[in-house]
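Undergrad: Build me a structure from this.
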Amino acid sequence: MYIISGAIAGVLGGGVFGAMMGALGMLPMVAQLVGSDNPMVGLMVHLIFSAVIGGIFAAVFGKRCTRLAECAKLGTGYGVVWWVLGPLLIMPVALGMGPQLSVSGISASVPSLMGHIVFGVILGATFPLILGAFGGPGAKKEGAGS
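TA: Prediction:
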């Protein structure tokens, strides 16, 4: 249930991040990854990626991610890692633009960084709650039962 819980938490975080991307007009660029420029296609691609990235989070951190605040912190760092991997490396390379690791490329991607942080916090905070709902270990409040 770890991977499924992570995928669901990823979709929740991805939904919020996707709304932010829609407001900033970023979804058509995501759609270009599959040969479209339709924002709804971009949102679907983004949510699929969010589910996969959430599942990876669960596979890597799931068994040790039991305290809510701790998981949210892990998710925040994980979101930053995916900001570097996604909009700075993988996506621009896939679109033929090359890595965007220059000062101007990084500066242009700051709004995406904010979205990735929001995604990571939501992913990390909801993962143990969803896992608990599926009968897994679930979340413990900080300081409870050490």
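Undergrad: What are the buried residues along stretch 6-22?
TA: 6-15, 17-18, 20-22 (16 or more other C-beta atoms under 10 Å). From N, CA and C alone the C-beta is placed, and that goes for glycine too.
Undergrad: Export the helix or strand that contains residue 106 to CSV, keeping only CA atoms.
TA: Using DSSP states H and E, residue 106 maps to helix 103-108. Coordinates of each C-alpha in helix 103-108 appear next as CSV, following Å, rounded to 0.1, in the frame of the first residue of the first chain:
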residue,chain,number,x,y,z
VAL,A,103,21.4,32.0,-13.9
SER,A,104,18.7,33.2,-16.3
GLY,A,105,17.3,29.6,-16.7
ILE,A,106,17.1,29.2,-12.9
SER,A,107,15.7,32.7,-12.4
ALA,A,108,12.9,32.0,-15.0
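Undergrad: How far does it sit from its chain's centre?
TA: With C-alpha atoms, centre = their mean, to the nearest Å as the basis, helix 103-108 stands 20 Å off its chain's centre.
Undergrad: swap in stretch 75-90?
TA: With C-alpha atoms, centre = their mean, you get 8 Å for stretch 75-90.
Undergrad: center of the chain, which residue is that?
TA: residue 119 (4.5 Å; C-alpha atoms, centre = their mean).
Undergrad: Residue 61 and residue 88: what is the separation?
TA: 22 Å (C-beta to C-beta, to the nearest Å).
Undergrad: circling back: name the residues that touch the helix holding residue 106?
TA: Contact with helix 103-108 is made by 88, 92, 99, 100, as judged by C-beta atoms under 8 Å, 6 or more residues apart in numbering.
Undergrad: same thing but at 10 Å, please
TA: Residues outside helix 103-108 that contact it (C-beta atoms under 10 Å, 6 or more residues apart in numbering): 83, 84, 87, 88, 92, 97, 98, 99, 100, 102, 113.
Undergrad: next helix or strand past that helix?
TA: Per DSSP H and E, the helix or strand that comes after helix 103-108 is helix 110-133.
Undergrad: Great, nothing more from me.
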